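J.: Got a sequence here, can you build the structure:
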Amino acid sequence: MPAYHSKYNDEEGPVIGNIAFLPLRTTVKGPAPRTDAEEDIIDETLYYFKANVFFKNYEIKGTADRLLIYLTLYATDCIVKLQKSPSKNQAVKDMYSLAISRFSLPGEAGFPLNAVYARPQGNDLEKMRSYLTQCRQELGQRMVEKVFGNSDTPSKWWTCFSRRKFMDKTLTPLGQHI
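T.: Next comes the predicted model:
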């Protein structure tokens, strides 16, 4: 069974490095264009997460797949952090701090998939950092709602994926704890 790919691969649009710069359904401030569509790349990441996380290999079919890969890796880090959160309110704070914490971009030493991502050039470097930070914040907010729902404890049906590593990779550098 093949991995699930992004439906946004077919869409023409701006690219930063070689990652699609897609619109988001968000309230988080950032460079991403806003959309009123029912679904965006964040929803797609959450929808395909449980299936895609089992794959060790992933064939990239477009620029949106690169963003999907990045967000799936980040979602794994979110679940590890959410598993340790004692309450939903604390989880919201944890997701915000994880989203804005320093992270490596493609081309930098700590980035796990430098072989398949292009290093952004010039002004694109800061634009990519801002865009990925906005994506991380939005994904973190939606993860809290998915993982906690109306409860004050995380769902075991989400936290059971905390030990899984998509493509045997993690965005967290070795030795650093989430």
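
J.: contacts and neighbour counts: CA atoms only from here.
T.: Noted.

J.: residues in contact with stretch 129-146?
T.: For stretch 129-146, contacts defined as C-alpha atoms under 8 Å, 6 or more residues apart in numbering pick out 21, 24, 26, 28-32, 42, 46, 71, 74-75, 78-79, 82, 88, 91-92, 95-96, 99-100, 105.

J.: what's near enough to touch the residue most central in space within the chain?
T.: Nearest to the geometric centre of the chain sits residue 71, at 1.9 Å (C-alpha atoms, centre = their mean). Applying C-alpha under 8 Å, 6+ apart, we find residue 71 in contact with 42, 45, 135-136, 139.

J.: now the strand or helix carrying it: mean pLDDT?
T.: Using DSSP states H and E, residue 71 falls within helix 63-83. Regarding helix 63-83, the rounded mean pLDDT is 96.

J.: That one: which residues count as buried?
T.: Residues of helix 63-83 classed as buried by neighbour count (16 or more other C-alpha atoms under 10 Å): 63-83.

J.: That helix: how far from the chain's middle?
T.: Put simply, helix 63-83 sits 3 Å off its chain's centre (C-alpha atoms, centre = their mean, to the nearest Å).

J.: next one: stretch 84-102
T.: On C-alpha atoms, centre = their mean, the centre of stretch 84-102 falls 15 Å from that of its chain.

J.: try stretch 127-146
T.: Centroid separation between stretch 127-146 and its chain, computed with C-alpha atoms, centre = their mean, is 7 Å.

J.: Over to stretch 21-41?
T.: Relative to its chain's centre, stretch 21-41 lies at 14 Å (C-alpha atoms, centre = their mean).

J.: And the contacts of it?
T.: Residues beyond stretch 21-41 that count as contacts (C-alpha under 8 Å, 6+ apart) turn out to be 6, 8, 13-15, 42, 64, 68, 127, 130-131, 134-135, 137-138.

J.: Which of the residues you listed sits closest to residue 52?
T.: Among those, residue 68 lies closest to residue 52 (C-alpha to C-alpha), at 10.0 Å.

J.: check contacts around that closest one.
T.: For residue 68, counting by C-alpha under 8 Å, 6+ apart, the contacting residues are 5-6, 41, 45.

J.: quick one: residue 125 from residue 69, how far?
T.: Going from residue 125 to residue 69 by C-alpha to C-alpha, to the nearest Å gives 19 Å.
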